[in-house]
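S.K.: Sequence plus the predicted model coming up.
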Amino acid sequence: PEGKVPSEFQFRGMPLSVGVSSCHEQPGGSEYVCRVNDFRVEDGIDYGISYQFEVRARNEAGGWSDWVESNEITTPGQPPDARFSWSPERPFAETEVNFSSSDDTIITSRSWNFEGGSPGTSTLKDPKVFFSTDGGMEVTLEVSSATESCENTQTVSVRPPPPDDWREVDPF
């Protein structure tokens, strides 16, 4: 409604909810520019999809404007999953460490970097690595999809190699 400051917005065709923190009238008096807060997706928006939606505003007196059609917007593509794990969790130096990355089907490439590891890099999904020295070794996995990329860095705590005469025994 004209002449009243917007206090709430409704969306049709897109599951959004926003709160209004402030609005000011544009020169000419027929439009407002509003800052929003509490922007929420109510029911999920798909990645990489174009949306056309309508919006209307409620003024401070409670009256609603007409529905106004928006410009088309396209959401970004889904980022690939760069999570990974390793086994054993606290490996000894000079022993094999098995790394496992996500089975995310949108991943088109992987690039591993292993600080102090042999090999130092890999493009395999689940590489096997040896660390020659003990300490906190940074491992970085960068994954890419057709449209997005994502990176994850974690620290592997490598223990010193056990003594030559060391053997693991069952505690019971």
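M.R.: All right, it came through fine.

S.K.: what's the neighbour count on the residue lying closest to A82 once chain neighbours are set aside?
M.R.: Spatial nearest neighbour of A82, excluding adjacent residues (CB to CB, 6 or more residues apart in numbering): N152 at 3.9 Å. Just so you know, the C-beta spots here come from the backbone N, C-alpha and C atoms, and that holds for glycine as well. Number of residues near N152 (other CB atoms under 10 Å) recorded here: 15.

S.K.: Kindly report the same for P127.
M.R.: 22.

S.K.: partners of the closest residue to it other than its chain neighbours in the sheet?
M.R.: Leaving aside its sequence neighbours, P127 sits nearest to F99 (CB to CB, 6+ apart; 5.3 Å). Using DSSP bridges, the bridge partners assigned to F99 are W86.

S.K.: Distance-wise, check the residue nearest to A82 relative to G48.
M.R.: 22 Å (CB to CB, to the nearest Å).

S.K.: now A82
M.R.: Following CB to CB, the distance that separates A82 from G48 is 18 Å.

S.K.: Compare these two and say which is more crowded by neighbours.
M.R.: Per other CB under 10 Å, whichever of A82 and G48 has more neighbours is A82, with 20 against 14.

S.K.: and the more buried one, what does it touch?
M.R.: If a contact means CB atoms under 8 Å, 6 or more residues apart in numbering, then A82 has 101-102, 141-143, 150-152 as its contacts.
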